[in-house]
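J.: what would the 3D arrangement of this be:
(one chain, ligands or ions: 1)
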Amino acid sequence: MAREPRYRSLKGFRDLLPEQTGRWHRVEEAIRRVTGRYGFGEIRLPIAESTELFARGIGEATDVVGKEMYTFEDRSDPPVSITLRPELTAGAARAWIEHDVGKNEPLSRWYYLGPAFRYEQPQAGRYRQFTTFGVELIGSDRPEADVEVIALGNDLLGELGIERYRLEINSLGMPAERLRFREALVAFLEERREALSEESRRRIVSNPLRVLDSKEEADLEATAGAPEILSFLEEESRAHFERVATLLADAGVPFTVNPRLVRGLDYYTRTVFEFVGEDLGAQSALGGGGRYDGLIGEVGGKPTPATGFGFGVDRLVIALEAAAAAEESGEGVDLYLVGLDDEARRWVVRTAARLRGEGYRVLTDLQGRSMKAQMREANRRNARYAVIVGGNELAEQTAQVREMASSEQSSVPFADLSTWLRSGLS
Ligand code: HAM
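T.: As a prediction, this is how the structure comes out:
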């Protein structure tokens, strides 16, 4: 019986063991390749910021600020309220202002990869510490900028071989348009108050747009004929939205318009979008984002238009698994050297050192196990070849090399091993 561990990781916080991190590396490498193609540079931001920044930037009425932040006072006198970042856009805006980046470059192309924290109910695909990859394109109000970041996100999914997803887009208009929509929506919801779920009834006042986001059967039914934001857009916002749609089509990025897409953060203006995975169950948003022309002004900078997105890397990893695209190409080893007795084990130690020096990925037995156990281990670790050496092989200076997939076995003189492997493994 395994002993009950005295300490466990916190609820919603996970360890990733080596058999999992291989897939993470694949995602991270794809992120670096794709952002490189678009000329985005990496920023690294602090994990905590002042609570005030998030409250102002993301919005007091959002779930993220109202219910999900890890907020605490530090030990200064008087104490300062700090919050573990629930997302990285507010911090990016803060850094952009603080370093006066706009003075030196008219347009900033930034990306980031790192942990974020939200106190949510954990379930598959939803954690309290999760990893986000995001991009922020700061300094352009043009539809081309929206399309640039959407295309980047789309390329990332392509690069990872994730195919079962759809891209949904919508426009939330500018604040005045949204305000008029909000009034119409509240009037509509008030009329159907009784039919709504309890949560949605509460939201009529605090955050009515989020009612459109509800997955509750009752809410879906009650809001079937709800007003749509798109019909509240005026000329400029409408033209912007149409241009985004045209350019997405030009860029060959398939999308659908979802007039109910509202997103959970308050800073969005005009374009919003989400990449929705089809194999992810309830937590289906692989990534999402949009334009936020008001945020930088809101947190104290010179008003500057910007657009960006965030992906949940945890969810990308799940989608990779589901897509079975995760052929563990990088995760196996080239060779497992099997020594049958003490003399052969000396050969194994020498040869492992030499072959690793030549760049091969080599595993050996470190527990004095039988040949059968070593072969089983070679199999489990996805070794391409097992190289088997006992007394006879030492006498003849020849190894038995078994290709694990086919079980085909060859005798290879020790002196020829490197050459033989080079041709086999290239
Ligand atoms: P968000 O939609 O709140 O946007 O989060 C982005 C992505 O992070 C989600 O689509 C989801 O994949 C992932 N995510 C969020 N919460 C969790 C969680 N508890 N567990 C696992 N994954 C999660 C933002 O955060 C914006 N800052 C995106 C953005 C950047 N907009 C403009 N620029």
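J.: was I right about Ala226 contacting Glu191?
T.: No. Under the criterion of Cβ atoms under 8 Å, Ala226 is not in contact with Glu191, lying 10.6 Å apart. Backbone N, C-alpha and C define where each C-beta goes, glycine included.
J.: so if I had to pick from the two, which one is more boxed in?
T.: Ala226 (18 against 10; other Cβ atoms under 10 Å).
J.: any idea how far that one is from the ligand?
T.: Here the criterion is Cβ to the nearest ligand atom, to the nearest Å. By it, Ala226 lies 22 Å from the ligand.
J.: let's verify that residue: helix, strand, or coil?
T.: coil (DSSP: H, G, I helix; E, B strand; the rest coil).
J.: likewise Arg260?
T.: Bear in mind the rule, three-state DSSP; under it Arg260 is coil.
J.: which residues touch it?
T.: Applying Cβ atoms under 8 Å, 6 or more residues apart in numbering, we find Arg260 in contact with 170, 212-213, 226, 228.
J.: lowest pLDDT pick from those residues?
T.: Taking the contacts of Arg260 together, the minimum pLDDT is found at Asp213 (87).
J.: and for that one, the neighbour number?
T.: 15.
J.: what of Arg33?
T.: 12.
J.: I'd say it and Gly158 touch.
T.: No. At 11.3 Å, Arg33 does not count as touching Gly158 under the criterion of Cβ under 8 Å.
J.: and Gly134, which of the three is it?
T.: Assignment for Gly134 (three-state DSSP): strand.
J.: show me the beta-bridge partners of it.
T.: Tyr112, Gly310 (DSSP bridges).
J.: what number of residues lie near it?
T.: For Gly134, using other Cβ under 10 Å, the count is 23.
J.: so where's this protein uncertain?
T.: Residue ranges of the chain with pLDDT under 70: 1, 323-331, 426.
J.: what helices or strands is the biggest helix by length in it leaning on?
T.: For the chain, the longest helix by residue count, based on DSSP state H, is helix 18-37. Other elements packing on helix 18-37 under the criterion 3 or more Cβ pairs under 8 Å, 6 or more residues apart in numbering; DSSP states H and E are strand 108-117, strand 129-138, helix 143-160, helix 313-322.
J.: just give me the neighbour total for whatever residue of the stretch 251-400 of the chain ends up closest to the ligand.
T.: Nearest residue of the stretch 251-400 of the chain to the ligand, counting by Cβ to the nearest ligand atom: Gly312, 2.5 Å away. By the measure other Cβ under 10 Å, the count of residues near Gly312 is 24.
J.: surely it meets Ala124?
T.: No. Counting by Cβ under 8 Å, Gly312 sits too far from Ala124 to count as a contact (12.0 Å).
J.: any shared contact partners between those two?
T.: By Cβ under 8 Å, 6+ apart, no residue touches both Gly312 and Ala124.
J.: could I get the buried residue list for stretch 201-219?
T.: Neighbour counts over stretch 201-219 (16 or more other Cβ atoms under 10 Å) mark 201, 203-204, 207-212, 214, 219 as buried.
J.: my bad, stretch 171-182
T.: Those buried within stretch 171-182 under the rule 16+ other Cβ under 10 Å are 171-174, 177-178, 180-182.
J.: I'd like the residues you listed as JSON lines, with secondary structure and distance to Leu248 appended.
T.: Shown next, in JSON lines, are the buried residues of stretch 171-182 (DSSP: H, G, I helix; E, B strand; the rest coil; distance: Cβ to Cβ, whole Å):
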{"residue": "Ser171", "secondary structure": "strand", "distance to Leu248": "13"}
{"residue": "Leu172", "secondary structure": "coil", "distance to Leu248": "17"}
{"residue": "Gly173", "secondary structure": "coil", "distance to Leu248": "19"}
{"residue": "Met174", "secondary structure": "coil", "distance to Leu248": "21"}
{"residue": "Glu177", "secondary structure": "helix", "distance to Leu248": "21"}
{"residue": "Arg178", "secondary structure": "helix", "distance to Leu248": "22"}
{"residue": "Arg180", "secondary structure": "helix", "distance to Leu248": "27"}
{"residue": "Phe181", "secondary structure": "helix", "distance to Leu248": "23"}
{"residue": "Arg182", "secondary structure": "helix", "distance to Leu248": "27"}
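J.: where do the strands sit along the stretch 251-400 of the chain?
T.: 256-257, 271-277, 285-291, 306-312, 335-339, 362-364, 385-389, 398-403 (DSSP state E, counting those that start in this stretch).
J.: out of the ones you listed, which is closest to Ala93?
T.: strand 306-312 (7.5 Å; Cβ to Cβ).
J.: and the stretch 201-350 of the chain, which residues reach the ligand?
T.: 264-265, 285-290, 292, 308-312, 314-315 (Cβ under 6 Å from any ligand atom).
J.: excluding its backbone neighbours, what's nearest Val186?
T.: Leaving out its chain neighbours, the residue that sits closest to Val186 by Cβ to Cβ, 6 or more residues apart in numbering is Pro208, at 5.1 Å.
J.: next: Trp420.
T.: Counting by Cβ to Cβ, 6+ apart, Trp420 lies nearest to Val412, which is 4.8 Å off, once chain neighbours are set aside.
J.: next: Gly300.
T.: Counting by Cβ to Cβ, 6+ apart, the residue nearest Gly300 is Ile97, at 6.2 Å.
J.: following element in sequence after the helix or strand hosting that neighbour, please.
T.: Per DSSP states H and E, Ile97 falls inside helix 89-98. The helix or strand immediately downstream of helix 89-98 is helix 101-104, counting by DSSP H and E.
J.: show me the contact partners of that next one.
T.: Residues contacting helix 101-104 (Cβ under 8 Å, 6+ apart): 95-96, 108, 138-139, 301-302, 304.
J.: stretch 27-35 now?
T.: 42, 111, 113, 133, 135, 152, 155-156, 159-160, 313, 316-317, 320.
J.: which parts of the stretch 1-150 of the chain sit against the ligand?
T.: Residues of the stretch 1-150 of the chain lying close to the ligand (Cβ under 6 Å from any ligand atom) are 87, 89, 118, 120, 126-127, 130, 132, 134, 136.
J.: find the centremost residue of the chain, please.
T.: Taking Cα atoms, centre = their mean, the centroid of the chain lies closest to Val313, which sits 1.8 Å from it.
J.: you'd agree that one is up against Phe133?
T.: Yes. Using Cβ under 8 Å, Val313 is in contact with Phe133, at 5.4 Å.
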